[in-house]
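**Q** Kindly return the folded structure for what I paste below:
(4 chains, ligands or ions: 4)
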Amino acid sequence: MTVESTAARKPRRSAAGKTGTTGGKAAGTTGTKRTAAKKTTNAEPELVQLLTPEGKRIKNAGTAAYDPYVADITPDELRGLYRDMVLTRRFDAEATSLQRQGELGLWASLLGQEAAQIGSGRATREDDYVFPTYREHGVAWCRGVDPTNLLGMFRGVNNGGWDPTTNNFHLYTIVIGSQTLHATGYAMGIAKDGADSAVIAYFGDGASSQGDVAEAFTFSAVYNAPVVFFCQNNQWAISEPTEKQTRVPLYQRAQGFGFPGVRVDGNDVLACLAVTKWALERARRGEGPTLVEAYTYRMGAHTTSDDPTRYRHDDERVAWEAKDPIARLRGYLESETDTNEGFFAELEAESEALGRRVREVVRAMPDPDHFAIFENAYADGHALVDEERAQFAAYQASFADVDEEEGKER
Amino acid sequence: MTVESTAARKPRRSAAGKTGTTGGKAAGTTGTKRTAAKKTTNAEPELVQLLTPEGKRIKNAGTAAYDPYVADITPDELRGLYRDMVLTRRFDAEATSLQRQGELGLWASLLGQEAAQIGSGRATREDDYVFPTYREHGVAWCRGVDPTNLLGMFRGVNNGGWDPTTNNFHLYTIVIGSQTLHATGYAMGIAKDGADSAVIAYFGDGASSQGDVAEAFTFSAVYNAPVVFFCQNNQWAISEPTEKQTRVPLYQRAQGFGFPGVRVDGNDVLACLAVTKWALERARRGEGPTLVEAYTYRMGAHTTSDDPTRYRHDDERVAWEAKDPIARLRGYLESETDTNEGFFAELEAESEALGRRVREVVRAMPDPDHFAIFENAYADGHALVDEERAQFAAYQASFADVDEEEGKER
Amino acid sequence: MTTQTAAQTAGQSAVKSLALAKAINESLRKALETDPKVLVMGEDVGKLGGVFRVTDGLQKDFGEDRVIDTPLAESGIVGTAIGLALRGYRPVVEIQFDGFVFPAYDQIVTQLAKMHARALGKVKLPVVVRIPYGGGIGAVEHHSESPEALFAHVAGLKVVSPSNASDAYWMMQQAIQSDDPVIFFEPKRRYWDKAEVNPEAIPGPLHKARVVREGTDLTLAAYGPMVKLCQEVADAAAEEGKALEVLDLRSVSPLDFDSIQTSVEKTGRLVVVHEAPVFFGSGAEIAARITERCFYHLEAPVLRVGGYHAPYPPARLEEEYLPGLDRVLDAVDRSLAY
Amino acid sequence: MTTQTAAQTAGQSAVKSLALAKAINESLRKALETDPKVLVMGEDVGKLGGVFRVTDGLQKDFGEDRVIDTPLAESGIVGTAIGLALRGYRPVVEIQFDGFVFPAYDQIVTQLAKMHARALGKVKLPVVVRIPYGGGIGAVEHHSESPEALFAHVAGLKVVSPSNASDAYWMMQQAIQSDDPVIFFEPKRRYWDKAEVNPEAIPGPLHKARVVREGTDLTLAAYGPMVKLCQEVADAAAEEGKALEVLDLRSVSPLDFDSIQTSVEKTGRLVVVHEAPVFFGSGAEIAARITERCFYHLEAPVLRVGGYHAPYPPARLEEEYLPGLDRVLDAVDRSLAY
Ligand SMILES: Cc1ncc(C[n+]2csc(CCOP(=O)(O)OP(=O)(O)O)c2C)c(N)n1
Ligand SMILES: Cc1ncc(C[n+]2csc(CCOP(=O)(O)OP(=O)(O)O)c2C)c(N)n1
Ligand SMILES: [Mg+2]
Ligand SMILES: [Mg+2]
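**A** Ligands and ions are numbered 1, 2, ... in the order given. Predicted coordinates for the structure are as follows:
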């Protein structure tokens, strides 16, 4: 899928040349030339890229604003990013195969989106707060959430298995777009507290259509909330390509709400790191929200329940393989740093160990106690819940009696 | 309230000068210079104006795109617009006083917004379809809806007293923003039918914050639906000024969804007519949606229940009086056309007659039959409604019996 | 408009065994064929054919103009469907899962339900909102809920739920033909259950309950996914010598109180079963009204079996949360003990 | 933080006669004073003080940072309130009218209600959603509805409604202190009714019903705006020699079934009154559960008086639509006739 395909549809009825066709003062053209407006709508939008697909560092006028944010990055830090991506991918693959083995009910793979997630995740500070969707396994990794904790909801033992306050990493949110408002509110709270941390809210290209996301844009702009909206445009919302959600590039959505939007190469971990840092710094400085669109690709199925062969050609995926985020950074590490084979070999071993640990932990994950149904429905209790819990207990006990009476029969 | 006051809030924390503060590729600046972005955000946005407040015709590069749409307007047509505005205002004043007299429960006055409504309303074609909010009495007038029909819901005898299909003027919609989606769906239907009519959806500055409006923008853009979104920015949403809804001018919202937005002087009936015609023609030609922001002012209270002295200074209102839409057109008629005193005198008489008729009709408006509660809950009937209607009938009949027995006592 | 062959069309006139999902698919196909105003809209309903394949093949045969992949925005889907209905279309809208209907709730409650009355009958909104609902499929959060009570309480809506393929086929036909908005709850855990469907014989009116099994000792009333369970309960009870009558209510709004009353006047006992939480659920309304109607016939209070007053639990707990054979039998025993 | 004078503060400790709206205002003021984390948010809550003046003067005294005029977007209001709560704040959110809560319904049902459970108790959402509700004020569409059942069915929420100024004051205090989300339904037609408020003596727990009037012949149960009506009904019935007991339920979720049971065991008869439509309303749940609990005590079926299954009618019909003295008395007579 090319950028052109997210451009405006061809007119429904033939557009007869007529006076007044283009409004001299329409928003797209205010204070600029018509050519500029055309450019915005039809041309390939500019993409912040710091590494070519081959791993060569790009520096030019377009990168100047972001270069400072990665200017003093060390080879060790670069290797750290590489390690994050490799381990995340490994964890993800492990989860996919655990689903195939029946250990998980479902899995939403992030394959292909490692750079977007690791770059943005590593841009956050410890006191920042992150609101993910359901696919941010790489961001969770950066936040220090034990990856096995992510598996609880996919296994069906809980609806979110970690304490969001430990790592400032909120629970996965399944209702599309909702969390962008929570992020905005949280950011409003940060501003009230006079703190200088920031919030980052993840969402997808499909989510951009939800009213909640637009409301989050409105609230964050009006209250100048320190929040970064990080949209991973992976080109697909289940079976729907991005052109079913918008006819112009998504990052442009922000401008109409009064804050900047920028498109970054979502397969370039360095660019994602730099742009997200830039946006988070804006937030910290009190300059309000930013929309970052990470242009990337969902290499796998939407989830393990999905069958993408029904709706997309595999050559699209193959084309994106050439832009693989991990290979790209490896190219850079090999050509521009002193990274040696030992690093890659060690990482491979670490990766194996992680896979093993994940398998073991998942297989040992106990089913929840039956009474967990009633736990945490309320913080302060609720008379009916107490009543139902008691009835449930009596009912369960009646089987215990039967079991005792009937021995092994039941 | 000036345009500046809808510009970005001052930073929450001091914005220390730092590299990377402004993103070379942020949406606001894509393909343009930073100065241009600044202009969009902070400068007085351009306003399409064809008449000065004194009624002088403006023609320049900025009006060129719209001039053709009023190029051959006749003095009679201009007087027609004037008449529409005067009668609408008169009707509105009559309704306000009927509310004071207790004949209506509530009234939402359009005072000050006559030009926005008459200009846009007269731009529509008979086969176009209009989705109003609750304040479009002037548009209803243009569509041929008997104004007394508008009073039913404010009197409390119905929730909408006209057949929307007769004049292609939908019922008033009270839940803010909802109708923009209905308009979009209707426009999608027009496109499916291959017809070349268009839809216009009215909404307010406050409504622009509702998720539904953003979703309407998304759907209309994606399906390239022939719909004009006509936002009357009357500066206030009850007690909240526009800066509580947005930090940039509202017409700019459209661009991020991929269609043009334009701000028109909402107190200039000629400009509203021209710009709306332009936008409707775009829709007819299959060029999709347009956002028109009519920049105007709510001269009165939000409704008769409201007390604007609690939240705004009267000098604001006074300042807007100088831009009165009716005076402005009168200036033009008197200086540029052959309109004589007789026209104004006749109109005064017509206006009196309208006021009288409205009073009489309202006072004679019967209360609805009690059984109307149950009518039209469903089109195809519903067993429970039938049951409840029967119980209600029996219950009411029991009073009839008592009344009979007790004679005049009850 | 359609690319179906004559042979395929002829094939439709025969009774056939169809899975519930496939029956809805055929019903939609039939409606698209018969009435050019019928549209199918929703997320992923096009090429993918919906996440449950209920709309499989429809876009291929009827085109993108009639089977429409929408932006990911439920309020927008229902809101534009209303506009399309005002223009004369009959949209059949898919909400992907029960838990995702809430962004559309405002449009459904304040607009879809009320516009006909608001317009004093001058406009009609023949919109069907399809919602795969209920649990039992081991899904993650928001994918297993039963929100039907939240729609039944709202005047202006009709709410139905088929329990088997034949009803699914026919109730969908009737829902599309209805001039009222219909919330059509599809029992997703029964999507793969097969039954005979005769596309030529209407089994009865949309809002009429059906006696699925006759009995004299107690009435079990259910709809959608719980009908099958109640039949299993009746089987089990029969082994113990109890003759349970099983009612498939089919419609939640209106509820067919007449049929329930008839049954309860015979059996004197009623247990209502649904997946939704008991508190403020359908069972409450049924219990209240049937108790009023059958006060002197009831030998026991109407008992309710349903979900607990807690968020739908993670999949590994749903067996405990949902009504199952034993829990319904327990209620039957409790009722019979009076 | 506050500009109140000492005299004013001292004045608060005395019992005073306050209108219900003013009592809520004072309760919010107290909360803003006591807990710096409390926020008030909503449309027009600032300078205007809300369309009913419930937040009058609060922004002036506590600043725009704590009393926040929001954009016109209910989902945004509740959604950001959730975020603020996650950050440690205790937002009290105003929905301007009953009929405008639906755009926020998704955030309330899928997020506000469930997040505590989703997080296995690790986060709490002490958010109060204030909703002026009910009819009887001659308003236009969407301004007179009673949607409480749509919230009570949803686990994770608490739903309350005061009937008088004293309860309004105290229940608001308790709702704000609650660590659970509370949907706080304010009986708008009683906003101007005065009662004695003692800001120093808590009258009792938030979710406990209160016997407003003792009686032996029949129990009338109501909450919010209908309590006053039921008291009038009891007065009228007393003239005819019937001793009705009146219960102010105060809480819709949880419902205080114990108190209702106690009363019904004494009177043997129950009539439930609410403005909301009867179908799937609170009365259904109360009837179902009380019938189960008091099967052998009930001399008549539990009767319900409420709105009809039709959209709330235009103002000139609301008197016919809403429960009034005669309709409740009629139900009382019908119950006593058993
Ligand atoms: C409100 C809502 N509607 C529908 C769904 C079902 N659904 C889950 S993921 C998804 C597509 C999301 O696409 P996108 O936002 O692009 O994120 P991605 O999955 O590509 O990461 C849909 C429709 C949902 N979870 N929530
Ligand atoms: C969903 C919803 N929320 C709140 C309201 C209450 N309300 C009625 S009008 C109004 C302000 C609308 O402002 P705007 O959109 O600017 O239109 P205007 O009244 O200025 O014409 C509000 C908040 C409503 N009608 N609907
Ligand atoms: Mg996507
Ligand atoms: Mg306004």
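**Q** can we go C-alpha only for contacts and neighbour counts from here?
**A** OK.
**Q** give me the residue from the stretch 1-150 of chain A nearest ligand 3.
**A** A:R135 (10.1 Å; C-alpha to the ion).
**Q** residues touching that residue, list them.
**A** Applying C-alpha atoms under 8 Å, 6 or more residues apart in numbering or on different chains, we find A:R135 in contact with A:108-110, A:172.
**Q** For those residues, pick the one with the most neighbours.
**A** A:L110 (26 neighbours; other C-alpha atoms under 10 Å in any protein chain shown).
**Q** Name the nearest residue to that residue, sequence neighbours excluded.
**A** Take A:L110 and drop its neighbours on the chain: the residue closest to it by C-alpha to C-alpha, 6 or more residues apart in numbering or on different chains is A:R135, 6.0 Å away.
**Q** Can you name the residues of the stretch 51-200 of chain C sitting close to chain B?
**A** Residues of the stretch 51-200 of chain C lying close to chain B by C-alpha under 8 Å from any C-alpha of the partner chain are C:65, C:70-71, C:73, C:75-76, C:79-87, C:89, C:107, C:110-111, C:114, C:116-124, C:155-157, C:178-180.
**Q** filter the residues you listed to the buried ones?
**A** C:70-71, C:73, C:75-76, C:79-87, C:89, C:107, C:110-111, C:114, C:116-120, C:122-124, C:155-157, C:178-180 (16 or more other C-alpha atoms under 10 Å in any protein chain shown).
**Q** Now residue 298. Nearest residue, chain neighbours left out?
**A** As the question left the chain open, I've gone with chain A. Nearest to A:R298 is A:N234, by C-alpha to C-alpha, 6+ apart, at 5.0 Å.
**Q** wait, I meant chain C there
**A** Setting aside the residues directly before and after it, C:L298 is nearest to C:G268 in space (C-alpha to C-alpha, 6+ apart), at 4.5 Å.
**Q** Let me know whether that neighbour touches C:A300 as I believe.
**A** Yes. Counting by C-alpha atoms under 8 Å, C:G268 touches C:A300, with 7.3 Å between them.
**Q** joint contacts of those two?
**A** Between them, C:G268 and C:A300 share no contacting residue, judged by C-alpha under 8 Å, 6+ apart.
**Q** before we move on, the earlier item: could you tell me how many residues sit around the residue nearest to A:R298?
**A** 23.
**Q** Contact partners for it?
**A** A:N234 neighbours (C-alpha under 8 Å, 6+ apart): A:113, A:204-205, A:295-298.
**Q** just to revisit the earlier point, and the pLDDT for the residue nearest to C:L298?
**A** If you check C:G268, the pLDDT there is 98.
**Q** same question, the one 3 residues further on
**A** On pLDDT, C:V271 comes in at 98.
**Q** With C:Q12 instead?
**A** The model's pLDDT for C:Q12 equals 50.
**Q** Over to the one 10 residues further on?
**A** pLDDT, the model's per-residue confidence, is 98 for C:K22.
**Q** Mind picking the two most distant members of the contacts of A:N234?
**A** A:Q113 and A:D205 (13.1 Å; C-alpha to C-alpha).
**Q** Need the residues touching each of the two.
**A** A:232, A:234.
**Q** about what we covered before: can you tell me which of the buried ones among the residues of the stretch 51-200 of chain C next to chain B end up in helices?
**A** C:75-76, C:79-86, C:116-118 (DSSP state H).
**Q** Mind putting these into TSV with distance to ligand 3 and pLDDT?
**A** Below are those laid out as TSV (distance: C-alpha to the ion, whole Å; pLDDT from 0 to 100):
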residue	distance to ligand 3	pLDDT
C:S75	19	98
C:G76	19	98
C:G79	23	98
C:T80	23	98
C:A81	24	99
C:I82	27	99
C:G83	28	98
C:L84	28	98
C:A85	30	98
C:L86	32	98
C:H116	37	98
C:A117	40	98
C:R118	39	98
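**Q** can you give me the helices for chain A?
**A** Counting by DSSP H, the helices of chain A are A:34-42, A:75-100, A:114-123, A:137-143, A:151-155, A:164-167, A:178-193, A:211-222, A:269-284, A:314-321, A:325-336, A:341-364, A:383-406.
**Q** Give me the contact list for the fourth one.
**A** Helix A:137-143 is contacted by residues A:84-85, A:88, A:92, A:110, A:114, A:117-118, A:120-122, A:126, A:146-147, A:150, A:167-169 when judged by C-alpha under 8 Å, 6+ apart.
**Q** What remains of the residues you listed if I keep only buried residues?
**A** A:84-85, A:88, A:92, A:110, A:114, A:117-118, A:120-122, A:147, A:150, A:167-169.
**Q** Show me which pair in those is furthest apart.
**A** Among the buried ones among the contacts of helix A:137-143, A:D92 and A:N168 lie farthest apart (C-alpha to C-alpha), at 21.6 Å.
**Q** got the domain boundaries for chain C?
**A** Domain assignment for chain C by automatic domain parsing gives C:2-197, C:210-336.
**Q** what distance separates the start and the end of the last one?
**A** Put plainly, it is domain C:210-336. 23 Å (C-alpha to C-alpha, to the nearest Å).
**Q** any idea how far that domain is from the chain center?
**A** Averaged C-alpha coordinates place domain C:210-336 at 16 Å from its chain's average position (C-alpha atoms, centre = their mean, to the nearest Å).
**Q** follow-up on the earlier one: got the contacts of A:R135 as JSON lines, with pLDDT and distance to D:R210 columns?
**A** Listed next are the contacts of A:R135 as JSON lines, based on pLDDT from 0 to 100; distance: C-alpha to C-alpha, whole Å:
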{"residue": "A:A108", "pLDDT": "98", "distance to D:R210": "51"}
{"residue": "A:S109", "pLDDT": "98", "distance to D:R210": "54"}
{"residue": "A:L110", "pLDDT": "98", "distance to D:R210": "55"}
{"residue": "A:Y172", "pLDDT": "98", "distance to D:R210": "42"}
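**Q** would you list the residues you listed in a markdown table and tack on distance to C:I260?
**A** Formatted as a markdown table, the contacts of A:R135 follow (distance: C-alpha to C-alpha, whole Å):
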| residue | distance to C:I260 |
| --- | --- |
| A:A108 | 45 |
| A:S109 | 49 |
| A:L110 | 51 |
| A:Y172 | 44 |
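**Q** closest to ligand 4 among those residues?
**A** A:Y172 (37.2 Å).
**Q** show me what contacts the closest one?
**A** A:Y172 sits in contact with A:131-135, A:160, where contact means C-alpha under 8 Å, 6+ apart.
**Q** just A:T184 next, same as before
**A** A:T184 neighbours (C-alpha under 8 Å, 6+ apart): A:199, A:216, A:219-220, A:225-227, D:80, D:83.
**Q** Tell me the confidence at the closest residue to A:R263 other than its chain neighbours?
**A** Setting aside the residues directly before and after it, A:R263 is nearest to A:E293 in space (C-alpha to C-alpha, 6+ apart), at 4.6 Å. Note on A:E293: pLDDT of 98.
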